[in-house]
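A.B. asks: Quick one: sequence and predicted model below, then my questions.
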Amino acid sequence: MDEKLYFLLYRKLNMKGDVYSLSETFAVPKEVLFAILSQKIVRRTKRDYHGLKRQSLRLLSQWKSGKSLLELSEERAFSPVLITSFILRESGATKREISDYFHHPREIENPRLRKEIMEVLGEEVVYSPEAAEIQRENGKNAEKKIAEWLNSQKVEYITEAEARVLHQKTPDFLLKSPFCMKENTLFWVESKASFGDRIQMRGDYNRQLRHYVDLFGRGMVIYWHGYLNDAVALQSFPFDPNILIANSRLVEGGSRV
């Protein structure tokens, strides 16, 4: 995705409904837009969490005065589940009770609270139990497809779970023997079920990828939902020439090593 389109989409993506309208307008897959929106929400949460949490008493007062949980979250462009958590905690609910509300909303006795929490869960993109499960499944499915692709190439590897016995920091696939792609000898492959904008890539590099280079040598990261200015051809990772970067087309297209 070229940067101009990305920044346009990033600016316009603020809630779940935006995904469907923007997907139709710009012919971008909904899965890609959900990945971008999720990253935007997480960044917004890190920025605004503590400030909004300090407003819990005011939020509770506004809710008691008739504003819905969803309205309060939309006014502040903040996660509806987290806004609801602030309000419920301020009202005296325990963490266990709040968790039960989100996991079993139909069992809530208070009709207003039941209706509004179900609305909140329907709009949440990141922090609901369903959204968390979708994220886990997306990550597992991406890794499964990469494993199938490596198997088809006759490339042997150690999975992350197996490699953790040997190393504290491990990629998803630590290769038993190096293999070459576009004249690059690689020793590991990392899967990311996300979109690689510069903030995401820099964070991934500082948290993980640079350590893999230090420990194992050259490798490749696959951003399943694409990255800025991606192409069919393999490219160098923006922050380290010892890393190649690819998207799902490498795997789903069955490219040969």
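C.D. replies: Arrived safely, thanks for sending. Residues are numbered from 1 along each chain as shown.

A.B. asks: SS state for W188?
C.D. replies: strand (DSSP: H, G, I helix; E, B strand; the rest coil).

A.B. asks: Residues in a beta bridge with it, which ones?
C.D. replies: Here W188 sits in beta bridges with L174, going by DSSP bridges.

A.B. asks: Tell me how many other residues surround it.
C.D. replies: The local packing count at W188 equals 25, with neighbours defined by other Cβ atoms under 10 Å. Where C-beta positions appear, they are placed from N, C-alpha and C, glycine not excepted.

A.B. asks: With F179 instead?
C.D. replies: 19.

A.B. asks: Could you check the pLDDT of E31?
C.D. replies: For E31, the pLDDT comes out at 94.

A.B. asks: Repeat that for Q168.
C.D. replies: Q168 is assigned 69 on the pLDDT scale.

A.B. asks: just E160 next, same as before
C.D. replies: pLDDT recorded at E160 is 76.

A.B. asks: so what's it up against?
C.D. replies: When contacts are counted by Cβ atoms under 8 Å, 6 or more residues apart in numbering, E160 is found next to 170-174.

A.B. asks: from the middle of its chain, how far away would the helix or strand of the chain with the lowest mean pLDDT be?
C.D. replies: Ranked by mean pLDDT, DSSP states H and E, the weakest helix or strand in the chain is helix 160-163, scoring a mean of 74. Its chain's average C-alpha position is 22 Å from that of helix 160-163, according to Cα atoms, centre = their mean, to the nearest Å.

A.B. asks: hang on, isn't I199 packed against V42?
C.D. replies: No - using Cβ atoms under 8 Å, I199 is not in contact with V42; the gap is 10.3 Å.

A.B. asks: Between those two, tell me which one has more neighbours.
C.D. replies: V42 (15 against 11).

A.B. asks: Helix or strand for that one, just tell me which one.
C.D. replies: Mapping V42 onto the secondary structure by DSSP states H and E places it in helix 30-53.

A.B. asks: Between helix 30-53 and the following helix or strand past that helix, find me the angle.
C.D. replies: Scanning the chain past helix 30-53 towards its C-terminal end, the next helix or strand to appear is helix 56-64 (assignment: DSSP H and E). Between helix 56-64 and helix 30-53, the angle comes out at 110 degrees (axes from the mean of the first three to the mean of the last three Cα atoms, to 10 degrees).

A.B. asks: For helix 56-64, list the C-alpha coordinates in CSV.
C.D. replies: The C-alpha coordinates for helix 56-64 follow below in CSV (Å, rounded to 0.1, in the frame of the first residue of the first chain):
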residue,chain,number,x,y,z
SER,A,56,-14.2,7.8,35.7
LEU,A,57,-16.4,9.6,38.2
ARG,A,58,-17.6,12.1,35.6
LEU,A,59,-18.2,9.3,33.1
LEU,A,60,-20.3,7.5,35.7
SER,A,61,-22.3,10.6,36.4
GLN,A,62,-23.0,11.1,32.7
TRP,A,63,-24.1,7.5,32.3
LYS,A,64,-26.4,7.8,35.2
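
A.B. asks: surely R164 meets L174?
C.D. replies: No - R164 lies out of contact with L174 (Cβ under 8 Å); the separation is 9.9 Å.

A.B. asks: Settle it for me: which of the two has more neighbours?
C.D. replies: Looking at R164 and L174 with other Cβ under 10 Å, you find the greater number of neighbours at L174, namely 23 against 13.

A.B. asks: dump the residue contacts of the more buried one.
C.D. replies: L174 makes contacts with 157-160, 163, 167, 187-188, 216, as judged by Cβ under 8 Å, 6+ apart.

A.B. asks: Which member of those is positioned nearest A246?
C.D. replies: Minimum distance to A246 across the contacts of L174 is 13.4 Å, recorded for W188 (Cβ to Cβ).

A.B. asks: Could I get the full set of helices for the chain?
C.D. replies: For the chain, the helices defined by DSSP state H cover 3-12, 16-26, 30-53, 56-64, 69-75, 80-90, 95-103, 111-123, 129-152, 160-163, 198-204, 210-216, 248-252.

A.B. asks: re the thing from before, just name the closest of the contacts of L174 to L33, please.
C.D. replies: E160 (27.9 Å).
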